[in-house]
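*Asks:* here's a sequence, model it:
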Amino acid sequence: MSLRFRVFRQVLCFLFIVLSAVSLCLGTYLFSYFFRRGVIWMLVIVEVSSCVRSFWSLLRKPVLASPQSVASEVVGLFVLFPFQLIVTLLLFSIRPRSSMPAGTFMALKLFSVSGALIHMVYTLALVAVAMLTVPAFDSDVWLRDLDSSPSPFPLAIIFGYAFPCIARLFETTRPFARESEAPAVDPPVAECLPTCFPNCIIHGIRQVTVPKPAEGSASPTNPPTEEAKRPPILPHTLIRIPNAAERRSSIYVDLNFRTRI
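*Replies:* Numbers count the residues shown, from 1 in each chain. The predicted structure is shown next:
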(Lines give C-alpha, C1' and ligand atoms only; values in the text may rest on other atoms or scores of the structure.)
Protein backbone atom coordinates (compact mmCIF):
# COMPACT_ATOMS: atom_id res chain seq x y z
CA MET A 1 0.00 0.00 0.00
CA SER A 2 1.38 3.39 -0.98
CA LEU A 3 2.28 5.91 1.67
CA ARG A 4 -0.36 8.63 1.93
CA PHE A 5 0.70 12.24 2.00
CA ARG A 6 -1.37 12.83 5.15
CA VAL A 7 0.63 10.22 7.10
CA PHE A 8 3.90 11.55 5.68
CA ARG A 9 3.05 15.11 6.73
CA GLN A 10 2.04 14.06 10.24
CA VAL A 11 5.29 12.15 10.71
CA LEU A 12 7.22 15.15 9.41
CA CYS A 13 5.45 17.54 11.80
CA PHE A 14 6.19 15.21 14.71
CA LEU A 15 9.85 15.13 13.63
CA PHE A 16 9.95 18.94 13.53
CA ILE A 17 8.52 19.09 17.06
CA VAL A 18 11.10 16.65 18.42
CA LEU A 19 14.06 18.38 16.75
CA SER A 20 12.87 21.83 17.83
CA ALA A 21 12.29 20.72 21.43
CA VAL A 22 15.74 19.12 21.71
CA SER A 23 17.43 22.14 20.13
CA LEU A 24 15.52 24.47 22.46
CA CYS A 25 16.61 22.52 25.55
CA LEU A 26 20.24 22.40 24.43
CA GLY A 27 20.22 26.09 23.52
CA THR A 28 18.80 27.01 26.93
CA TYR A 29 21.46 24.91 28.64
CA LEU A 30 24.28 26.57 26.66
CA PHE A 31 22.83 30.08 26.97
CA SER A 32 25.45 31.28 29.46
CA TYR A 33 28.35 29.98 27.34
CA PHE A 34 27.58 32.14 24.30
CA PHE A 35 29.48 35.41 24.05
CA ARG A 36 26.97 36.86 21.59
CA ARG A 37 23.58 36.40 23.17
CA GLY A 38 21.78 37.52 20.00
CA VAL A 39 22.68 34.24 18.26
CA ILE A 40 21.23 32.06 20.97
CA TRP A 41 18.13 34.28 21.24
CA MET A 42 17.52 33.91 17.50
CA LEU A 43 17.98 30.15 17.80
CA VAL A 44 15.48 29.93 20.66
CA ILE A 45 12.87 32.08 18.88
CA VAL A 46 13.19 30.12 15.62
CA GLU A 47 12.89 26.77 17.37
CA VAL A 48 9.86 27.90 19.38
CA SER A 49 8.20 29.25 16.21
CA SER A 50 8.90 26.02 14.34
CA CYS A 51 7.46 23.96 17.20
CA VAL A 52 4.31 26.12 17.38
CA ARG A 53 3.82 25.98 13.60
CA SER A 54 4.14 22.18 13.59
CA PHE A 55 1.66 21.84 16.46
CA TRP A 56 -0.80 24.15 14.67
CA SER A 57 -0.49 22.26 11.40
CA LEU A 58 -0.87 18.92 13.14
CA LEU A 59 -3.80 19.73 15.45
CA ARG A 60 -5.75 22.31 13.47
CA LYS A 61 -8.09 19.87 11.75
CA PRO A 62 -8.65 17.37 14.63
CA VAL A 63 -9.20 20.05 17.29
CA LEU A 64 -10.76 22.99 15.43
CA ALA A 65 -12.34 20.99 12.58
CA SER A 66 -10.72 23.43 10.15
CA PRO A 67 -8.83 22.02 7.15
CA GLN A 68 -5.18 22.88 6.68
CA SER A 69 -4.98 24.23 3.14
CA VAL A 70 -1.94 24.06 0.92
CA ALA A 71 -1.62 27.86 0.89
CA SER A 72 -1.59 28.18 4.68
CA GLU A 73 1.01 25.43 4.98
CA VAL A 74 3.24 27.06 2.39
CA VAL A 75 2.91 30.51 3.99
CA GLY A 76 3.86 29.17 7.41
CA LEU A 77 6.86 27.34 6.00
CA PHE A 78 8.05 30.31 3.96
CA VAL A 79 7.89 32.67 6.94
CA LEU A 80 10.40 30.52 8.82
CA PHE A 81 12.49 29.66 5.75
CA PRO A 82 14.95 32.63 5.87
CA PHE A 83 15.39 32.38 9.64
CA GLN A 84 16.16 28.69 9.41
CA LEU A 85 18.77 29.48 6.78
CA ILE A 86 20.33 32.21 8.95
CA VAL A 87 20.50 29.92 12.00
CA THR A 88 22.15 27.20 9.92
CA LEU A 89 24.83 29.58 8.62
CA LEU A 90 25.48 31.03 12.07
CA LEU A 91 25.90 27.64 13.73
CA PHE A 92 28.31 26.55 11.04
CA SER A 93 30.40 29.69 11.48
CA ILE A 94 30.52 29.69 15.32
CA ARG A 95 33.32 27.86 17.08
CA PRO A 96 32.81 26.60 20.65
CA ARG A 97 34.58 28.42 23.47
CA SER A 98 37.12 26.63 25.61
CA SER A 99 34.79 26.49 28.60
CA MET A 100 31.79 25.31 26.54
CA PRO A 101 31.01 21.56 26.56
CA ALA A 102 32.06 20.44 23.09
CA GLY A 103 29.73 17.45 23.00
CA THR A 104 26.68 19.47 23.95
CA PHE A 105 27.48 22.13 21.38
CA MET A 106 27.92 19.50 18.65
CA ALA A 107 24.56 17.98 19.61
CA LEU A 108 22.94 21.42 19.41
CA LYS A 109 24.44 21.98 15.99
CA LEU A 110 23.36 18.52 14.80
CA PHE A 111 19.71 18.79 15.89
CA SER A 112 19.27 22.42 14.89
CA VAL A 113 20.90 22.14 11.48
CA SER A 114 19.10 18.87 10.71
CA GLY A 115 15.73 20.42 11.52
CA ALA A 116 16.53 23.51 9.44
CA LEU A 117 17.63 21.46 6.41
CA ILE A 118 14.57 19.22 6.54
CA HIS A 119 12.38 22.32 6.88
CA MET A 120 13.92 23.99 3.82
CA VAL A 121 13.79 20.84 1.68
CA TYR A 122 10.16 20.24 2.62
CA THR A 123 9.27 23.84 1.80
CA LEU A 124 10.87 23.79 -1.64
CA ALA A 125 9.45 20.34 -2.48
CA LEU A 126 5.92 21.32 -1.44
CA VAL A 127 6.01 24.51 -3.49
CA ALA A 128 7.42 22.70 -6.54
CA VAL A 129 4.79 19.94 -6.41
CA ALA A 130 1.97 22.46 -5.93
CA MET A 131 3.17 24.57 -8.85
CA LEU A 132 3.28 21.49 -11.09
CA THR A 133 -0.20 20.46 -9.99
CA VAL A 134 -1.69 23.78 -11.13
CA PRO A 135 -1.15 23.29 -14.91
CA ALA A 136 -1.24 19.48 -14.79
CA PHE A 137 -4.51 18.80 -12.95
CA ASP A 138 -6.00 21.35 -10.53
CA SER A 139 -5.67 25.12 -10.74
CA ASP A 140 -7.23 25.52 -7.27
CA VAL A 141 -4.77 23.24 -5.50
CA TRP A 142 -3.70 26.07 -3.16
CA LEU A 143 -7.17 25.94 -1.54
CA ARG A 144 -7.30 22.15 -1.14
CA ASP A 145 -7.03 20.34 2.16
CA LEU A 146 -3.62 18.75 2.74
CA ASP A 147 -5.15 15.84 4.65
CA SER A 148 -7.85 15.06 2.10
CA SER A 149 -8.18 11.61 0.63
CA PRO A 150 -7.12 11.13 -2.09
CA SER A 151 -4.16 13.46 -1.84
CA PRO A 152 -4.39 16.85 -3.58
CA PHE A 153 -1.12 16.00 -5.34
CA PRO A 154 -1.68 13.14 -7.81
CA LEU A 155 1.87 11.90 -8.34
CA ALA A 156 1.00 9.87 -11.45
CA ILE A 157 -0.51 12.91 -13.19
CA ILE A 158 2.31 15.22 -12.09
CA PHE A 159 4.98 12.76 -13.23
CA GLY A 160 3.24 12.29 -16.57
CA TYR A 161 3.04 16.05 -17.05
CA ALA A 162 6.64 16.80 -16.02
CA PHE A 163 8.34 13.81 -17.67
CA PRO A 164 6.13 12.60 -20.54
CA CYS A 165 8.86 10.59 -22.26
CA ILE A 166 9.66 8.57 -19.13
CA ALA A 167 5.99 8.31 -18.13
CA ARG A 168 5.16 6.41 -21.33
CA LEU A 169 7.36 3.55 -20.17
CA PHE A 170 5.19 2.77 -17.11
CA GLU A 171 1.64 1.50 -17.18
CA THR A 172 0.37 3.62 -14.28
CA THR A 173 1.63 6.92 -15.73
CA ARG A 174 1.17 6.21 -19.46
CA PRO A 175 -2.43 7.54 -19.65
CA PHE A 176 -1.32 10.91 -18.22
CA ALA A 177 1.68 11.51 -20.49
CA ARG A 178 1.34 14.47 -22.78
CA GLU A 179 1.21 13.63 -26.44
CA SER A 180 3.73 15.34 -28.69
CA GLU A 181 2.24 17.66 -31.24
CA ALA A 182 2.24 15.96 -34.62
CA PRO A 183 2.99 18.03 -37.73
CA ALA A 184 0.02 19.13 -39.77
CA VAL A 185 -0.74 16.71 -42.62
CA ASP A 186 -2.91 17.45 -45.60
CA PRO A 187 -6.17 15.49 -45.52
CA PRO A 188 -6.32 12.57 -47.94
CA VAL A 189 -8.20 12.80 -51.19
CA ALA A 190 -11.69 11.39 -50.89
CA GLU A 191 -11.84 9.77 -54.32
CA CYS A 192 -9.29 7.35 -55.74
CA LEU A 193 -7.34 8.13 -58.84
CA PRO A 194 -7.94 6.26 -62.09
CA THR A 195 -4.58 4.51 -61.68
CA CYS A 196 -5.33 3.19 -58.15
CA PHE A 197 -5.82 -0.50 -57.49
CA PRO A 198 -9.21 -1.79 -56.39
CA ASN A 199 -7.98 -2.33 -52.82
CA CYS A 200 -6.50 1.16 -52.42
CA ILE A 201 -6.29 2.31 -48.78
CA ILE A 202 -4.50 5.64 -49.31
CA HIS A 203 -7.33 7.74 -50.68
CA GLY A 204 -10.09 6.36 -48.47
CA ILE A 205 -13.11 4.31 -49.51
CA ARG A 206 -13.33 3.70 -53.20
CA GLN A 207 -16.55 4.92 -54.65
CA VAL A 208 -18.24 2.24 -56.67
CA THR A 209 -20.78 3.30 -59.25
CA VAL A 210 -23.68 0.90 -59.58
CA PRO A 211 -25.13 0.77 -63.07
CA LYS A 212 -28.80 1.46 -63.34
CA PRO A 213 -30.83 -1.64 -64.11
CA ALA A 214 -32.52 -1.83 -67.43
CA GLU A 215 -36.24 -1.43 -67.71
CA GLY A 216 -38.10 -4.56 -66.80
CA SER A 217 -35.21 -6.15 -64.88
CA ALA A 218 -35.22 -6.56 -61.09
CA SER A 219 -33.01 -4.15 -59.22
CA PRO A 220 -30.38 -5.74 -56.93
CA THR A 221 -31.39 -5.77 -53.32
CA ASN A 222 -27.84 -5.43 -51.94
CA PRO A 223 -25.65 -3.08 -53.96
CA PRO A 224 -21.94 -3.99 -54.01
CA THR A 225 -19.84 -2.16 -51.49
CA GLU A 226 -16.21 -2.38 -50.41
CA GLU A 227 -16.74 -1.46 -46.74
CA ALA A 228 -17.47 -4.57 -44.70
CA LYS A 229 -19.58 -4.40 -41.62
CA ARG A 230 -17.54 -4.66 -38.47
CA PRO A 231 -18.84 -5.98 -35.14
CA PRO A 232 -19.20 -3.41 -32.36
CA ILE A 233 -16.19 -2.96 -30.11
CA LEU A 234 -17.09 -3.94 -26.57
CA PRO A 235 -14.99 -3.40 -23.43
CA HIS A 236 -13.06 -6.37 -22.11
CA THR A 237 -14.63 -5.97 -18.69
CA LEU A 238 -17.63 -4.10 -17.38
CA ILE A 239 -15.89 -3.06 -14.13
CA ARG A 240 -12.86 -0.78 -14.24
CA ILE A 241 -10.87 0.72 -11.37
CA PRO A 242 -10.82 4.55 -11.67
CA ASN A 243 -7.48 6.16 -12.34
CA ALA A 244 -5.81 8.96 -10.40
CA ALA A 245 -7.75 11.70 -12.20
CA GLU A 246 -11.15 10.03 -11.89
CA ARG A 247 -10.71 9.38 -8.16
CA ARG A 248 -10.32 13.13 -7.63
CA SER A 249 -13.37 14.04 -9.70
CA SER A 250 -16.64 14.72 -7.96
CA ILE A 251 -20.24 14.57 -9.13
CA TYR A 252 -22.77 16.89 -7.55
CA VAL A 253 -25.97 15.09 -6.61
CA ASP A 254 -28.96 17.04 -5.33
CA LEU A 255 -31.86 15.16 -3.80
CA ASN A 256 -35.04 17.17 -3.50
CA PHE A 257 -37.62 15.82 -1.11
CA ARG A 258 -41.22 16.97 -1.23
CA THR A 259 -43.31 16.67 1.88
CA ARG A 260 -47.03 16.11 1.45
CA ILE A 261 -49.34 17.58 4.01
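*Asks:* report the separation between residue 113 and residue 129.
*Replies:* 24 Å (CB to CB, to the nearest Å). In this view, the C-beta of every residue, glycine as well, is placed from N, C-alpha and C.
*Asks:* repeat for residue 117
*Replies:* As judged by CB to CB, residue 117 and residue 129 stand 18 Å apart.
*Asks:* between those two, who's got more neighbours?
*Replies:* residue 129 (17 against 13; other CB atoms under 10 Å).
*Asks:* three-state assignment of residue 39?
*Replies:* Secondary structure for residue 39, judged by DSSP: H, G, I helix; E, B strand; the rest coil, is helix.
*Asks:* can you pull the contacts of it?
*Replies:* 90, 94 (CB atoms under 8 Å, 6 or more residues apart in numbering).
*Asks:* cool, residue 81 as well?
*Replies:* Applying CB under 8 Å, 6+ apart, we find residue 81 in contact with 119-120, 123.
*Asks:* could you redo the last one with a cut-off of 10 Å?
*Replies:* By CB atoms under 10 Å, 6 or more residues apart in numbering, the contact list for residue 81 reads 116, 119-120, 123-124, 127.
*Asks:* can you tell me how far it sits from residue 126?
*Replies:* 11 Å.
*Asks:* what does residue 22 give?
*Replies:* Taken as CB to CB, the span from residue 22 to residue 126 is 24 Å.
*Asks:* for residue 119, same thing?
*Replies:* 11 Å.
*Asks:* quick check: neighbours shared by the two?
*Replies:* Joint contacts of residue 119 and residue 126 (CB under 10 Å, 6+ apart) are residue 77.
*Asks:* what about those two, which has more around it?
*Replies:* More crowded of residue 119 and residue 126, by other CB under 10 Å: residue 119, with 25 against 19.
*Asks:* right, and the more buried one touches residue 20 too?
*Replies:* Yes: if you go by CB atoms under 10 Å, residue 119 and residue 20 touch, sitting 9.5 Å apart.
*Asks:* overlap of the contact sets of these two?
*Replies:* 46, 50, 53-54.
*Asks:* coming back round to it: so which of the contacts of residue 81 is the closest to residue 76?
*Replies:* residue 123 (9.4 Å; CB to CB).
*Asks:* that closest one: neighbour count?
*Replies:* 18.
*Asks:* grab the nearest non-local neighbour of it.
*Replies:* Closest residue to residue 123 apart from its sequence neighbours, by CB to CB, 6 or more residues apart in numbering: residue 77 at 4.1 Å.
*Asks:* got the contact list for residue 31?
*Replies:* 37, 40-41, 43-44.
*Asks:* please, where are all the helices along the stretch 51-200 of the chain?
*Replies:* Taking DSSP state H, counting those that start in this stretch as the test, the helices found in the stretch 51-200 of the chain are 70-93, 102-136, 155-162, 164-167.
*Asks:* could these be laid out in CSV, adding distance to residue 9 and mean pLDDT?
*Replies:* Shown next, in CSV, are the helices of the stretch 51-200 of the chain (distance: least, CB to CB, whole Å; pLDDT from 0 to 100):
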stretch, distance to residue 9, mean pLDDT
helix 70-93, 8, 90
helix 102-136, 9, 91
helix 155-162, 14, 84
helix 164-167, 25, 83
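*Asks:* deepest-packed of those helices, please.
*Replies:* Of all the helices of the stretch 51-200 of the chain, helix 155-162 has the most neighbours on average by mean count of other CB atoms under 10 Å, namely a mean of 19.
*Asks:* residues contacting that one, please?
*Replies:* Here helix 155-162 makes contact (CB under 10 Å, 6+ apart) with 2, 5, 128-130, 132-133, 135-138, 154, 166-168, 170, 172-178, 243-245, 248.
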